[in-house]
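Could you look at this predicted model? Sequence included:
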Amino acid sequence: MAKKKKHKHHEEHVDESWLVPYADLLTLLLALFIVLFAMSSVDAQKFQQIARSLNAAFTGGTGVLEYPSPTPEAQMEQLNVEKEQSEENIEEAQKRMEQQNLQKIQEKINTYIKDNHLETKLQTTLTDEGLMITILNDIFFDSGSADIRSKDVQLARGISELLVMNPPRNIIVSGHTDNIPISNSDFDSNWHLSVMRAVNFMKILIENDQLDAKAFSAKGFGEYKPVASNDTKEGRQKNRRVEVLVLPYEQKE
């Protein structure tokens with residue numbers, strides 16, 4: 001009997017060669033997405049998290065996602081930017097707080113002025129430079145003189161008590177005159193007169209043991225910083241003044 005030939009059954013295989021370029025294309029698209037994301041975001045931590053997640057989801061690929069996120073130089077630059085922004089925010093907060101502190105000091109001085117009926121002699125102004133106390137109407141000096149009148153020494157000492165602060169602040173005392181030329185043997189110019197008025201007034205202030213003389217300085221501006229017109233008597237009277245500028249507190253680094 002003739003033997004029957006056995007025919008082996010050959011299974012048909014689906015052509016899967018298309019999967020390779022498809023996977024490569026998909027990987028490239030993902031890589032493009034990561035690059036675009038990295039360009040639009042400087043948050044290195046978030047970038048690394050997404051890269052790790054995508055690599056875990058597409059294991060067996062070519063590993064194009066396995067590269068470091070932004071370079072160390074870029075990370076350092078970002079850290080420096082964030083540090084500068086943080087320092088600026090802290091500085092601005094400190095400035096606002098000090099303005100509030102100076103405002104409280106101003107309120108205290110204004111209460112003193114009101115209680116002692118000194119509205120025509122003293123006034124305060126809060127500016128970007130600091131707290132300005134203006135002494136008006138020649139209340140300390142006779143015309144052409146830089147000596148504080150004996151009857152006004154007590155008022156000068158009262159003002160010194162208002163300058164005792166915690167923390168202490170630097171203080172600038174400045175003298176100002178009108179534009180009428182000085183004509184006596186003691187002073188050769190309004191500038192000279194204004195300087196000596198500031199110095200003599202400052203001397204009375206720092207007699208107060210609670211004040212640190214190192215925090216004080218004196219300036220004279222003569223007639224060169226008027227606050228009113230010198231064409232009228234009233235204007236010249238306003239220009240003859242002594243100013244006490246309380247500077248904002250500066251924290252030592």
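Here it is on my side, so go on.

okay, now the domains of the chain?
Per the record's domain assignment (automatic domain parsing), the chain is made up of the domains 20-70, 95-246.

which of these sits most buried?
domain 95-246 (a mean of 16; mean count of other C-beta atoms under 10 Å). (Each C-beta comes from the backbone N, C-alpha and C, glycine too.)

Now it: average pLDDT?
For domain 95-246, the per-residue pLDDT values average out at 94.

Show the end-to-end separation of that domain, please.
For domain 95-246, the first-to-last residue distance is 14 Å (C-alpha to C-alpha, to the nearest Å).

Quick one: the strands in the stretch 51-200 of the chain, in order.
Read by DSSP state E, counting those that start in this stretch, the stretch 51-200 of the chain holds these strands, from start to end of the chain: 122-126, 131-135, 171-176.

name the helices or strands packed onto the longest one?
Using 3 or more C-beta pairs under 8 Å, 6 or more residues apart in numbering; DSSP states H and E as the contact criterion, the neighbours of strand 171-176 among helices and strands are helix 190-205, strand 216-220, strand 241-246.

Direction included, what does it pair against?
Using DSSP bridges, strand 171-176 pairs in its sheet with strand 216-220 (parallel), strand 241-246 (antiparallel).

Out of these, the one nearest L102 is which?
For the strands paired with strand 171-176, proximity to L102 was assessed by C-beta to C-beta; strand 241-246 is nearest, at 6.8 Å.

Which one of the domains of the chain lies nearest to E77?
Put simply, out of those the one that sits nearest E77 is domain 20-70, at 8.7 Å, with distance taken as C-beta to C-beta.

and stretch 99-114, how far out from the chain's middle?
If you compare the mean C-alpha spot of stretch 99-114 with that of the full chain, they lie 22 Å apart, counting by C-alpha atoms, centre = their mean, to the nearest Å.

scratch that, stretch 81-90
Per C-alpha atoms, centre = their mean, the displacement of stretch 81-90 from the mean C-alpha position of its chain is 11 Å.

Sounds good, over and out.
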